[in-house]
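In: sequence unknown, structure follows:
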């Protein structure tokens, strides 16, 4: 099993823990639950997601290649974001590729080193630096959270 596969297994186990704690009403950090209809089945799917505040906006940024939630969000009109016991309907508007670089650069520059490292570990960026992650904007989906 490759390092990327081991990393993904570890993240999947952690995601189950985060979902369980959030469903119990325990909110922490920037984590929220994103519930979106499956693009093929219409069945609601829930994913733990970090909602990042930046320059007066809120963003959800892809951290893993081929993340199912990205394809589901692209196909959906609205999603539900849940933090603890509070839920709200929202629209996720995909940020155009040319506008993603500054958002990604600032994210990595103002976050712990683990954020930049995650993009390298998952194969989305060549290096964990703000510029390298910004250069990978074409491979990293960025969504702005807007009221529904």
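Out: Ah, there it is. What you see is a predicted model; the values in this text were computed from it and never measured.

In: Only C-alpha atoms from now on, for both contacts and neighbour counts.
Out: Will do.

In: I figured residue 47 hits residue 38, correct?
Out: No - under the criterion of Cα atoms under 8 Å, residue 47 is not in contact with residue 38, lying 11.5 Å apart.

In: Is the closest residue in space to residue 123 that isn't next to it in sequence in a helix, a strand, or coil?
Out: With sequence-adjacent residues excluded and distances taken as Cα to Cα, 6 or more residues apart in numbering, residue 123 is closest to residue 65, at 7.5 Å. Taking DSSP: H, G, I helix; E, B strand; the rest coil as the rule, one finds residue 65 in the coil state.

In: Check residue 51 too.
Out: strand.

In: Number of residues surrounding it?
Out: For residue 51, the neighbour count with other Cα atoms under 10 Å is 20.

In: was I right about it contacting residue 62?
Out: No - if you go by Cα under 8 Å, residue 51 and residue 62 don't touch, sitting 10.7 Å apart.

In: give the contact list for the residue nearest to residue 123.
Out: By Cα atoms under 8 Å, 6 or more residues apart in numbering, the contact list for residue 65 reads 122-124, 139-140.

In: Also residue 81?
Out: 32-35, 87-90.

In: of the residues you listed, closest to residue 117?
Out: residue 32 (21.6 Å; Cα to Cα).

In: Where do the helices of this structure begin and end?
Out: Taking DSSP state H to define them, one finds helices in the chain at 3-23, 68-75, 97-109, 113-121, 130-135.

In: tell me, which of those helices is the model least confident about?
Out: Ranked by mean pLDDT, the helices of the chain bottom out at helix 3-23, with a mean of 60.
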